[in-house]
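Chemist: fold the following, please.
(3 chains)
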Amino acid sequence: MSLMLAEIVAALGGELCGDSGLEIERLAPLESAGPSELSFLSNPRYRPQLASSRAGCVIVAEAMKAEALARGTCIVAADPYLYFARLTQLWKSRHASADGLRVHPSASIHPTAEIDPTATIGPLCVLERGARIGAGTVLKSRVTVGEGCVIGERCIVHAGVVIGADGFGFAQDRGVWVKIEQLGAVRIGNDVEIGANTCIDRGALGDTVIEDGVKLDNLIQIAHNVRIGAHTAIAACTGIAGSADIGAHCTIGGAAMIHGHITIVDRTFVSAGTFVGRSILQPGHYTGIFPMDENANWEKNAAAVRQLYRLRERIKALEKRE
Amino acid sequence: MSLMLAEIVAALGGELCGDSGLEIERLAPLESAGPSELSFLSNPRYRPQLASSRAGCVIVAEAMKAEALARGTCIVAADPYLYFARLTQLWKSRHASADGLRVHPSASIHPTAEIDPTATIGPLCVLERGARIGAGTVLKSRVTVGEGCVIGERCIVHAGVVIGADGFGFAQDRGVWVKIEQLGAVRIGNDVEIGANTCIDRGALGDTVIEDGVKLDNLIQIAHNVRIGAHTAIAACTGIAGSADIGAHCTIGGAAMIHGHITIVDRTFVSAGTFVGRSILQPGHYTGIFPMDENANWEKNAAAVRQLYRLRERIKALEKRE
Amino acid sequence: MSLMLAEIVAALGGELCGDSGLEIERLAPLESAGPSELSFLSNPRYRPQLASSRAGCVIVAEAMKAEALARGTCIVAADPYLYFARLTQLWKSRHASADGLRVHPSASIHPTAEIDPTATIGPLCVLERGARIGAGTVLKSRVTVGEGCVIGERCIVHAGVVIGADGFGFAQDRGVWVKIEQLGAVRIGNDVEIGANTCIDRGALGDTVIEDGVKLDNLIQIAHNVRIGAHTAIAACTGIAGSADIGAHCTIGGAAMIHGHITIVDRTFVSAGTFVGRSILQPGHYTGIFPMDENANWEKNAAAVRQLYRLRERIKALEKRE
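Modeler: Presented below is the predicted three-dimensional model:
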């Protein structure tokens, strides 16, 4: 398992300064990389590690070139992190082991499901009636794609994902919940990645829609009739309630919780752990987290939070004294 | 795939005003429904959409009848949303495709498991020793029902659900965790629905109990020895810690977190995102969410939260000045 | 299914006071145990239940011996809860039913995976290329162990767990996410227990590491390159973001959320529902939860929270008046 620096630059571009014949055996972080390993410097915070790194080669930006050359071989690239991303892809493609099986024999596939001949269906997946899987898409092991659900091209769906379970919809009949059958499906665009054990429910009447380029981490819940705009990324453990409409190019931190029937505009950044209880109509960075403290302090402050509006009234009264 | 309005009213009741021979091809939301589609108006908020809707027929309450008739055919029902729920069920039952297989051959079923002949066990499910599945219950794909666990009648269990994994119980032995074997099981009543990838752990000594009519959304964690009272509904991503006792007819919002060993009385409503750290002994509506704000404001307010009890003391000092 | 008290004490030690020939048919909680059942008293809070318990025998500490004898047979042990834990293990081992199959035929196992002959692989598990499973480890049903991931000895991995899905890593290229292939793996030590549907992602370059004796509850997310120190226990629904470094002997409550790239020192206790947004460098007990209240009160306090830094300024102004 190795690649010569010359091969890397031939495939990905960038300016190679130093020994083009160097054989790279592994990609590694700056602080632990050795002479046959390749690393990168993207975040200026890690600049102090550059001089002391033993890496055989480091990918750097133009501004770091002199500093990098002073210690040895480097590749200069416009965006070192993006270059590194493409390098991991090159690395994986060169070292991947072809198992050959496009559709694993242990998968349970309904005869009406349509699978593009270039798609891969891993062990113990379930494709229900009329499910459709696009070109180049990979379902890892134990993925369920429900009746009538559609996944586009070049998607990656990790183990345990459930696409197209029923949305959570009930009417009340004198204290008893009456099921609303969920008659819609799930439509997933191209180049979408979905993390392990994430769930995307089918729509009640219309469809739940995940647009092109969306990236979903693990253990995320997407309720019925949600729409997630193109190229939005959502971190793990986030829940999105029914009919929420999330814009494109948003970033949503882990364990966020998005209320149902609200709208979030394009290019919004929601911090991890934040409960979004109302629509966000202006792009920006939004947060709502109770700050952590030593438990003894937290207890005192939490008690005060519960009297906060009374404190406000006391301040008002003091202000009127004069 | 269609139903005549006359057939619908014959099956579900309600007063049909207009063209009883109209062929309905699809159920659809008010704003997008076309002339061969049927919709409903339940929430008065959406009343402005009624006049402009192109729906072939709309289900409305008595109070909306005149308004609905002014635009075309309608069905008048006491509770339009409940009527719509029953209609989705009628629709699904008429258009369902019978696959014929009650127990999918890919399921792994212990010889001692008992499955009612009218139950359905989907692909790649696992039923361990002594598991019991009641009449009319449906396990979708990839559901695990652990040793000795019991599911009642007419339940729906979605893909990826794990019933009867070990509860999280350990004793300490000089810093090392010693496992407490979980000797109880899980007992689930009738008419329960359980969402995708939800987990219900077996009890330590006694059983974990889910009573009749409970509805659980996706990715919920129910710990050992929890009891959930009849007809309680719990939204996605909620966690309920060990031995919590949740009453009947409660509604618990998404991503709520219920502490262990506490009691919540019947007919309690817990908002999404709320941490319930103590028992709730009075029915009501309870909330605990840090309000979201623009990040810059949040930072200032969060800093102030950490000094809150000192602020309270400063107010007290000011009040004493006089 | 029964054990004589004499057998129990022979196996586990402790001082038996009373009828050593008593046949125990079940372990049960103090309040419900009957004459052929064995219970324990560990938490002094439950002391009032001791006198009235109908249990055939109760495990107690030395300090409770006289009180326990007054009501009947007891076993005196240094740590009754630990004794009880070991008793549940004895009970399970005596009453376990041997199914005989070490590797269930429905599991999908890559020919290069290495499984210790004493390990158990349950139904419908997936072991990818080069996965390694140590001696005595049990994978329950529907567990996925990804390419090159390693699990140590005597581990228990519950249903639906996904080990070694890709970490969530992307670079940006003009608004489009470019995948960073995840080239590391997951390494899990000995005596680790992992709850149902929990996910542990593979590292980007290095490995994600779970050290010996760690206990993870259900539906936990462990991101790429996280390290969890030995004998740390983490409750359900917790999320740990990328490259977080968690110490040994920590206890992390349910639905906590740990930020990426931070450090938590050994012997830290994080309350349930707490967002850990910065490193914890002093052991202690840390909390951050918005206190729950009746919704009407919460609304007033939440409104005040959003003006909190302005309230602080108003207090400062009042203080300057004099």
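Chemist: which residues of the stretch 101-250 of chain A lie near chain C?
Modeler: Within the stretch 101-250 of chain A, the positions adjacent to chain C are A:104, A:106, A:122-124, A:140-142, A:156, A:158-160, A:193, A:195-197, A:213, A:215, A:217-219, A:231, A:233, A:235-237, A:249 by Cβ under 8 Å from any Cβ of the partner chain. Just so you know, the C-beta spots here come from the backbone N, C-alpha and C atoms, and that holds for glycine as well.
Chemist: dump the residue contacts of residue A:163.
Modeler: Contacts here follow Cβ atoms under 8 Å, 6 or more residues apart in numbering or on different chains; on that basis residue A:163 touches A:143-146, A:149, A:151, A:157, A:186, A:188, A:194, A:199-200.
Chemist: repeat that with 7 Å
Modeler: A:144-146, A:149, A:186, A:200 (Cβ atoms under 7 Å, 6 or more residues apart in numbering or on different chains).
Chemist: in which helix or strand would I find it?
Modeler: strand A:162-165 (DSSP states H and E).
Chemist: inside strands: which ones of the residues of the stretch 101-250 of chain A next to chain C?
Modeler: A:156, A:193, A:215, A:233 (DSSP state E).
Chemist: what's the burial count for the second one?
Modeler: Residue A:193: 21 surrounding residues under other Cβ atoms under 10 Å in any protein chain shown.
Chemist: so what's it bridging to?
Modeler: residue A:156, residue A:215 (DSSP bridges).
Chemist: my read: it touches residue A:156, true?
Modeler: Yes - between residue A:193 and residue A:156 a contact is recorded at 4.6 Å, counting by Cβ atoms under 7 Å.
Chemist: helices along the stretch 1-150 of chain A, start to end?
Modeler: A:5-12, A:48-52, A:65-71, A:80-95 (DSSP state H, counting those that start in this stretch).
Chemist: among those, which is nearest chain B?
Modeler: helix A:80-95 (23.4 Å; Cβ to the nearest Cβ).
Chemist: quick one: buried residues of that closest one?
Modeler: For helix A:80-95, the buried set under the neighbour-count rule, 16 or more other Cβ atoms under 10 Å in any protein chain shown, comprises A:80-91.
Chemist: would a markdown table of those with pLDDT be doable?
Modeler: Formatted as a markdown table, those follow (pLDDT from 0 to 100):
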| residue | pLDDT |
| --- | --- |
| A:80 | 96 |
| A:81 | 95 |
| A:82 | 95 |
| A:83 | 97 |
| A:84 | 95 |
| A:85 | 95 |
| A:86 | 95 |
| A:87 | 95 |
| A:88 | 94 |
| A:89 | 94 |
| A:90 | 94 |
| A:91 | 92 |
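Chemist: name the nearest residue to residue A:250, sequence neighbours excluded.
Modeler: residue A:232 (4.3 Å; Cβ to Cβ, 6 or more residues apart in numbering or on different chains).
Chemist: per-residue pLDDT, that neighbour?
Modeler: Residue A:232 is assigned a pLDDT of 98 by the prediction.
Chemist: can you check residue A:99 too?
Modeler: pLDDT, residue A:99: 62.
Chemist: cool, the one 5 residues further on as well?
Modeler: Confidence at residue A:104, expressed as pLDDT, is 96.
Chemist: same deal with residue A:321?
Modeler: For residue A:321, pLDDT reads 82.
Chemist: how about the contacts made by it?
Modeler: Applying Cβ under 7 Å, 6+ apart, no residues contact residue A:321.
Chemist: roughly how far does it sit from residue A:26?
Modeler: Computed with Cβ to Cβ, to the nearest Å, the distance linking residue A:321 and residue A:26 is 72 Å.
Chemist: give me the low-pLDDT residue ranges for chain A?
Modeler: Scanning chain A for pLDDT under 70 picks out the ranges A:97-100, A:322.
Chemist: domains in it, by residue range?
Modeler: A:3-95, A:108-286, A:293-322 (automatic domain parsing).
Chemist: point out the most buried one among those domains.
Modeler: Looking across those with neighbours counted as mean count of other Cβ atoms under 10 Å in any protein chain shown, the highest average goes to domain A:108-286: a mean of 23.
Chemist: how far does that domain stretch from start to finish?
Modeler: 43 Å (Cα to Cα, to the nearest Å).
Chemist: how far away from the center of its chain is it?
Modeler: 12 Å (Cα atoms, centre = their mean, to the nearest Å).
Chemist: what do you get for stretch A:38-50?
Modeler: The answer for stretch A:38-50 is 24 Å, by Cα atoms, centre = their mean.
Chemist: which residues touch it?
Modeler: Outside stretch A:38-50, the residues within contact range by Cβ under 7 Å, 6+ apart are A:24, A:27-31, A:33, A:53, A:55-60, A:64, A:67-68, A:71, A:80-81, A:84.
Chemist: mind doing that once more with 8 Å?
Modeler: A:5, A:8, A:24, A:26-31, A:33, A:53, A:55-61, A:64, A:67-68, A:71, A:79-81, A:83-84, A:87.
Chemist: ranges for the helices of the stretch 151-300 of chain A?
Modeler: Going by DSSP H, counting those that start in this stretch, the stretch 151-300 of chain A shows helices at A:295-305.
Chemist: coming back round to it: in CSV: the buried residues of helix A:80-95, plus distance to chain B.
Modeler: Listed next are these as CSV, based on distance: Cβ to the nearest Cβ, whole Å:
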residue, distance to chain B
A:80, 27
A:81, 23
A:82, 26
A:83, 30
A:84, 28
A:85, 27
A:86, 32
A:87, 33
A:88, 29
A:89, 29
A:90, 34
A:91, 32
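Chemist: can you list those residues in TSV and add distance to residue B:39?
Modeler: Formatted as TSV, the buried residues of helix A:80-95 follow (distance: Cβ to Cβ, whole Å):
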residue	distance to residue B:39
A:80	54
A:81	49
A:82	48
A:83	53
A:84	52
A:85	47
A:86	49
A:87	53
A:88	49
A:89	47
A:90	52
A:91	53
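Chemist: wait, what's in contact with residue A:180?
Modeler: The contact partners of residue A:180, by Cβ under 8 Å, 6+ apart, come to A:169-171, A:204, B:84-85, B:88.
Chemist: give me the spatial nearest neighbour of it, chain neighbours excluded.
Modeler: residue A:169 is the one closest to residue A:180 (Cβ to Cβ, 6+ apart), at 3.8 Å.
Chemist: distance check, that neighbour against residue B:12.
Modeler: 17 Å.
Chemist: equivalent analysis for residue A:20, please.
Modeler: The gap separating residue A:20 from residue B:12 is 76 Å, by Cβ to Cβ.
Chemist: how about the contacts made by residue A:183?
Modeler: A:203-205, B:27, B:88, B:91-92.
Chemist: and stretch A:281-300 with chain B, contact?
Modeler: Yes - using Cβ under 8 Å from any Cβ, stretch A:281-300 comes into contact with chain B via A:284-291, A:293, A:297, A:300.
Chemist: tell me the one of those nearest residue B:225?
Modeler: residue A:290 (28.8 Å; Cβ to Cβ).
Chemist: for the closest one, what are its contacts?
Modeler: B:290, B:302, B:305, C:275, C:288-290 are the contacts of residue A:290 under Cβ under 8 Å, 6+ apart.
Chemist: redo that, cut-off 10 Å
Modeler: Going by Cβ atoms under 10 Å, 6 or more residues apart in numbering or on different chains, residue A:290 touches A:273, A:298, A:301-302, A:305, B:275, B:288-290, B:302, B:305-306, C:273-275, C:287-291, C:305.
Chemist: just residue A:203 next, same as before
Modeler: A:164, A:167, A:169, A:182-187, A:209, A:223-227, A:242-243, B:29.
Chemist: let's see 6 Å
Modeler: Residues in contact with residue A:203 (Cβ atoms under 6 Å, 6 or more residues apart in numbering or on different chains) are A:184, A:224-225.
Chemist: residues contacting the closest residue in space to it that isn't next to it in sequence?
Modeler: Using Cβ to Cβ, 6+ apart and skipping the chain neighbours, the partner closest in space to residue A:203 is residue A:184 (2.7 Å). Applying Cβ under 6 Å, 6+ apart, we find residue A:184 in contact with A:202-207.
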